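*Asks:* have a look at this prediction, sequence included:
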Amino acid sequence: MKYVIIRDDDTNALMPAEYLERLYRPFIERNMPVNLAVIPNVSTSACHAPGKPEKFLLAYRGPQNGSVPIGQNTDLLRYLRCFPQFHFVQHGCRHEFVGNHYEFDHDDRDEIAKRLDEGIAAFQQAGLGIPRTFVAPYDQLSRVSMEEVAKRFDVVSTGWFELGRIPSAWWPQYALKKIRHASHWRAGRTTLLSHPGCHLSYHRSYSLMLQEIERSIESRRLTVLVTHWWEYFRDGHADEPFIDVLHRTADYLASRDDLKVISFDDVADKKISLN
Ligand SMILES: [Zn+2]
């Protein structure tokens with residue numbers, strides 16, 4: 001049996017539910033889990049570069065000061081609660097820069113711990129429970145962040161792993177993972193999942209996307225497919241050809257009897273073997 005996890009990043013309090021409904025209806029109808037990486041306390045001034053607001057704020061027109069916890073968007077939460085197919089994992093805290101660094105790509109342990117705990121508290125206040133999986137903004141985690149994340153979460157989903165960015169106590173397991181060419185591994189009580197890049201991205205060729213996804217799925221037991229809801233609506237209107245690829249991906253996943261779409265919670269519960 002092969003396994004696929006759908007990970008959609010950047011759900012936040014400053015977006016309406018319609019975007020997710022448009023994208024994920026075919027998944028919901030087939031009872032496939034969709035894992036939303038939720039920004040717990042989104043910064044209203046989040047930028048991906050100086051002066052360039054993050055596209056996940058595309059529907060926001062309010063003041064650019066402070067942050068808004070996910071619990072404040074009661075309409076979005078009411079929608080998400082209607083569908084048990086939605087699962088929630090923590091995506092950073094405010095999704096902003098800390099000095100010149102990505103939010104979790106620095107070594108200020110107190111700041112890292114404070115932001116992780118702030119995010120967990122925002123999840124609980126919103127009634128989303130205690131998150132068990134962590135996704136860093138831009139998939140960037142320092143070694144100190146990895147240590148603090150491992151104290152609080154069961155699963156880390158990221159792009160790749162480097163020796164200098166993992167706790168030294170994990171090096172033996174990391175060496176074993178390298179020797180085995182394994183995509184995913186466990187160290188201590190933490191499960192570490194890599195992903196093969198964002199296949200579902202407007203930067204990729206729409207005509208080749210599904211083939212690339214199929215190839216990724218063939219090459220490993222568990223594939224994490226990462227996408228971002230705002231990429232489908234980035235210019236103020238729906239990118240219909242791109243949405244069509246996502247929906248055809250749902251058709252493809254449903255068409256295979258030897259493939260199961262699962263949630264990060266299934267991994268946290270150790271319901272499947274990783275590699
Ligand atoms: Zn993000």
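*Replies:* Everything's here; your move.
*Asks:* use CA for all of it now, contacts and neighbours both
*Replies:* Will do.
*Asks:* contact residues of this structure facing the ion?
*Replies:* Where proximity means C-alpha under 5 Å from the ion, the interface of the chain facing the ion comprises Asp10, Pro137.
*Asks:* remind me, longest strand of the chain?
*Replies:* Using DSSP state E, we find that the single longest strand of the chain is strand 2-11.
*Asks:* helices and strands around that strand, which ones?
*Replies:* In terms of contacts (3 or more C-alpha pairs under 8 Å, 6 or more residues apart in numbering; DSSP states H and E), strand 2-11 is packed against strand 34-38, strand 222-228, strand 259-262.
*Asks:* packing partners for the shortest one?
*Replies:* The helices and strands touching strand 259-262, judged by 3+ C-alpha pairs under 8 Å, 6+ apart, are strand 2-11, helix 240-255.
*Asks:* could you do the longest one as well?
*Replies:* Using 3+ C-alpha pairs under 8 Å, 6+ apart as the contact definition, the elements that strand 222-228 packs against are strand 2-11, helix 206-218.
*Asks:* quick check: which of these is buried the most?
*Replies:* Each of those was assessed for mean neighbour count using mean count of other C-alpha atoms under 10 Å. The highest is strand 2-11, with a mean of 23.
*Asks:* contacts for the following helix or strand past it, please.
*Replies:* Note on strand 2-11: by DSSP states H and E, the next helix or strand toward the C-terminus is helix 18-29. Outside of helix 18-29, the residues that reach it under the criterion C-alpha atoms under 8 Å, 6 or more residues apart in numbering are Pro33, Val34, Phe83, Gln85, Trp229, Trp230, Phe233, Ile243, Leu246, His247, Ala250.
*Asks:* isn't the first one right up against Asp8?
*Replies:* No. Under the contact definition of C-alpha atoms under 8 Å, Pro33 does not touch Asp8, with a separation of 11.2 Å.
*Asks:* residue contacts, the spatially closest residue to Val261 that is not a sequence neighbour?
*Replies:* The spatially closest residue to Val261, leaving aside those adjacent along the chain, is Val4, at 4.7 Å (C-alpha to C-alpha, 6 or more residues apart in numbering). Contacts here follow C-alpha under 8 Å, 6+ apart; on that basis Val4 touches Ile217, Leu222, Thr223, Val224, Leu225, Leu259, Lys260, Val261, Ile262.
*Asks:* could you pull out the helices for the stretch 51-200 of the chain?
*Replies:* Counting by DSSP state H, counting those that start in this stretch, one finds helices in the stretch 51-200 of the chain at the ranges 74-81, 109-125, 143-152, 171-180.
*Asks:* tell me which of the ones you listed lies nearest to Val38.
*Replies:* Between Val38 and these, the shortest separation by C-alpha to C-alpha is 8.8 Å, and it involves helix 109-125.
*Asks:* can you show me the strands along the stretch 51-200 of the chain?
*Replies:* 52-53, 67-69, 86-91, 133-135, 155-158, 184-187, 190-194 (DSSP state E, counting those that start in this stretch).
*Asks:* now those strands as CSV including mean pLDDT?
*Replies:* Below are the strands of the stretch 51-200 of the chain laid out as CSV (pLDDT from 0 to 100):
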stretch, mean pLDDT
strand 52-53, 94
strand 67-69, 98
strand 86-91, 98
strand 133-135, 98
strand 155-158, 98
strand 184-187, 98
strand 190-194, 98
